[in-house]
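Asker: sequence plus the predicted model coming up.
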There are 4 protein chains.
Amino acid sequence: MTAHDIDSLDTLRRRVREFAEARAWQRYHTPKNLVMALVVEAAELVEPFQWLTPEESSGLSPAQHEAVRQEIADVLIYLTRLADLLGIDLLQAAGDKLAINARKYPVDQAHGNARKYSEFQND
Amino acid sequence: MTAHDIDSLDTLRRRVREFAEARAWQRYHTPKNLVMALVVEAAELVEPFQWLTPEESSGLSPAQHEAVRQEIADVLIYLTRLADLLGIDLLQAAGDKLAINARKYPVDQAHGNARKYSEFQND
Amino acid sequence: MTAHDIDSLDTLRRRVREFAEARAWQRYHTPKNLVMALVVEAAELVEPFQWLTPEESSGLSPAQHEAVRQEIADVLIYLTRLADLLGIDLLQAAGDKLAINARKYPVDQAHGNARKYSEFQND
Amino acid sequence: MTAHDIDSLDTLRRRVREFAEARAWQRYHTPKNLVMALVVEAAELVEPFQWLTPEESSGLSPAQHEAVRQEIADVLIYLTRLADLLGIDLLQAAGDKLAINARKYPVDQAHGNARKYSEFQND
C-alpha cells in the first residue's frame, strides 16, 4: 500500500499536513492544542510500561511491542505536525540540540552516571 | 559545524546511539526509563504554552520559539533512542499509523469536527 | 453506600492502602511506578480538553464533566498512594508550598500577569 | 507560621482560590489551562525518578525527598484549583471512583497481578 511508503521526515510532514487539511482540522491544530495532544500520546506510551520492571520493559511481547510501536508513531505524527506549523526543521533542531547536549554533558564528567548537568563540578 | 549535519532520521539514530554509548548510559536507557524521559520532555514542551491563548500560541516571540525548538528536539531525540532500542523504524511506524488513522477518521465523518473516532455513527 | 463516605484525606489514604493491600499490589507500588501511573492519569485528564477552546473548557457537558471528575479522582488516588509510601503529609506539603509560592510570586509583581517568577525584576 | 496551617482539603481549596484571586489570575485559570499546568507538574514529579531503579526510588536522599514533596504539593494545588472551578468535591469523587475500581478489579481476579481490568476473563 503506497500510503505506507514514507521515505523521509519531509514526506511525513507533507502527508500529515494533507491528512489534517483533508479533514479541515486546521482550526484545531493550534500549537497550544498540539502540545496537549502530544503529551497525551507520550503518556499513552508510558502506560504499558508503568507496572513493568526495567528488565521486563526490554522484553515486550509481540502484542505489547505493536501497541508501543503505534504509540511511538502517534508521538512522531503530532511532533511533525507541531514542527511544521512552527516552521521548525526537526532534523536540524535535533542536530543543534545534540551539540548543546555534548557541551552540557562532557564525556569525562557524564561517563557512567546520570547526574544532571547542573550538578557537575565546575573545576 | 559538522555535528549539526544530520541528513536523515537514520543518521540521527546513529548519532544518538553514539552519544549514549560514549557516556556509558546504556544501563540507564531501558525502555521504561526512556518513556519517562520522553513524557518529561513532552511536558516541558507544554509548559511555555500553558497560560497562552490559542492565538498567542501561534505567535511566539523569537526567544519562546527557540526554547520550544529545543524542547521539540529533546522529544525527537528520546523518541529516536527508544525506537532504536525497540528495533522500530520510525518512518515505517508513522506510515502504518497514518493508514490506520485514515480508516478511523474517514474524511466524510471527520470533516470539520474533532470528535473521537469511537463517537462516529456506524451507518 | 458506605464505601463512598470519605471524610478526610487521611481516611482516603487508609482506604487506598487497604485497596492495594487486598490485591497484593505492594510490589507494583514503588514510587517510580506510581509517578508513572500518576502522569498517565494526569494526561487522561488533559485528553478531553485538548481540542476545546478555553471557553468551551469552562462549559463541559454533563457526560464530559463526569468523565473529568473520574480522571481527577484517579489523580488524587495515585497522589495519595505515593505520598503515603513516601511518608508525606499532603496538606502540610501543600501549605508549605503555598508559603513558598507566596514569596516567589509577590502580589505586586505577579498581579494580572502569568510571568514565571524567574522573570521578575529584582529591584 | 499560620499560612502553613491547612487542616482540610476545603481549607486548601479556599487558600488556593484566595492566592489566585489576590493575583488576578482568574483569566488564566480556565480548566484547559489548569490541566496543562497539572500535567506539567506531574511530569516534574516524574523527572527525579526517571533514571532510578525501582529500589532506588524507595530510598530517596533527604534533598530528593524534599524536592519530590514540593512537586507532590504542586500537583495537589493545581488539582484542588481545577476541582474548585469545576465544582467537584475531591473526596467525594475519590470515594466514588474507589467504588468503581473495586468493581473493575475484584480481589479474586486482581490479586497479585497488574493486568488491566479489560484483560480479565468474564466467566
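Answerer: Here it is on my side, so go on.

Asker: low pLDDT regions in chain A?
Answerer: Within chain A, the segments meeting pLDDT under 70 span A:1-4, A:121-123.

Asker: could you chop it up by domain?
Answerer: A:8-88, A:90-123 (automatic domain parsing).

Asker: tell me the most buried of these?
Answerer: Highest mean neighbour count among the domains of chain A (mean count of other CB atoms under 10 Å in any protein chain shown): domain A:8-88, with a mean of 20. For glycine as for every other residue, the C-beta is placed from the backbone atoms N, C-alpha and C.

Asker: now find how far off-centre that one is within its chain.
Answerer: 7 Å (CA atoms, centre = their mean, to the nearest Å).

Asker: end to end on it, go ahead and measure it.
Answerer: One end of domain A:8-88 to the other measures 15 Å (CA to CA, to the nearest Å).

Asker: quick revisit: could you dump the domains of chain A to CSV with distance to chain B?
Answerer: Below are the domains of chain A laid out as CSV (distance: least, CB to the nearest CB, whole Å):
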stretch, distance to chain B
domain A:8-88, 4
domain A:90-123, 4
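
Asker: ok, A:His29 touching A:Ala20?
Answerer: Yes: counting by CB atoms under 8 Å, A:His29 does reach A:Ala20; the two are 5.8 Å apart.

Asker: which neighbours do these two have in common?
Answerer: A:Arg81 (CB atoms under 8 Å, 6 or more residues apart in numbering or on different chains).

Asker: quick check: what element follows the top helix by length along chain A along the chain?
Answerer: Counting residues, the longest helix in chain A under DSSP state H turns out to be helix A:62-86. Reading on from helix A:62-86 to the C-terminus, the next helix or strand found by DSSP states H and E is helix A:90-104.

Asker: how far off centre is stretch A:111-122?
Answerer: 24 Å.

Asker: for chain C, what are the nearby residues on chain A?
Answerer: Within reach of chain C by CB under 8 Å from any CB of the partner chain, chain A has these residues: A:28, A:33, A:36-37, A:39-40, A:42-44, A:46-47, A:49-51.

Asker: which parts of chain A sit against chain D?
Answerer: So chain A meets chain D at A:Met36, A:Val39, A:Ala43, A:Trp51, A:Thr53, A:Pro54, A:Ala114 (CB under 8 Å from any CB).

Asker: if we go to 6 Å?
Answerer: A:Val39, A:Trp51, A:Ala114 (CB under 6 Å from any CB of the partner chain).

Asker: please convert these to JSON lines, extending it with secondary structure.
Answerer: Shown next, in JSON lines, are these (DSSP: H, G, I helix; E, B strand; the rest coil):
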{"residue": "A:Val39", "secondary structure": "helix"}
{"residue": "A:Trp51", "secondary structure": "coil"}
{"residue": "A:Ala114", "secondary structure": "coil"}
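
Asker: which among those gets closest to D:His65?
Answerer: A:Ala114 (18.2 Å; CB to CB).

Asker: distance of A:Asp10 from B:Asp7?
Answerer: Between A:Asp10 and B:Asp7 the computed distance is 11 Å (CB to CB, to the nearest Å).

Asker: check A:Leu82 too.
Answerer: Using CB to CB, one gets 22 Å for the distance from A:Leu82 to B:Asp7.

Asker: got it, and A:Leu98?
Answerer: Counting by CB to CB - A:Leu98 and B:Asp7 are separated by 14 Å.

Asker: ditto for A:Lys104
Answerer: Taken as CB to CB, the span from A:Lys104 to B:Asp7 is 24 Å.

Asker: contacting residues for whichever residue of chain A sits closest to chain C?
Answerer: Proximity of chain A to chain C (CB to the nearest CB) peaks at A:Ala43, 3.1 Å away. The contact partners of A:Ala43, by CB atoms under 6 Å, 6 or more residues apart in numbering or on different chains, come to B:Val39, C:Val39, C:Val40, C:Ala43.

Asker: mind doing that once more with 8 Å?
Answerer: The contact partners of A:Ala43, taken as CB under 8 Å, 6+ apart, are B:Val39, B:Ala42, C:Val39, C:Val40, C:Ala42, C:Ala43, C:Glu44, D:Val39.

Asker: farthest-apart pair in these, please.
Answerer: Greatest spatial distance among the contacts of A:Ala43 (CB to CB): B:Ala42 and C:Glu44, at 14.4 Å.

Asker: with the residues of chain A next to chain D in mind, which one is nearest to D:Arg15?
Answerer: The closest of the residues of chain A next to chain D, once distances to D:Arg15 are taken by CB to CB, is A:Val39, at 28.1 Å.

Asker: separation between the closest residue to the closest one other than its chain neighbours and A:Gly95?
Answerer: Excluding its sequence neighbours, the residue lying closest to A:Val39 (CB to CB, 6 or more residues apart in numbering or on different chains) is B:Ala42, at 4.4 Å. For B:Ala42, the distance to A:Gly95 equals 20 Å [CB to CB].

Asker: could you do A:Glu56 as well?
Answerer: Taking CB to CB as the measure, A:Glu56 falls 34 Å from A:Gly95.

Asker: likewise A:Lys32?
Answerer: Note on A:Lys32: its distance to A:Gly95, by CB to CB, is 27 Å.

Asker: again, but for A:Glu71
Answerer: Separation of A:Glu71 from A:Gly95 (CB to CB) stands at 25 Å.

Asker: A:Asp89 - how many residues pack around it?
Answerer: 16 (other CB atoms under 10 Å in any protein chain shown).
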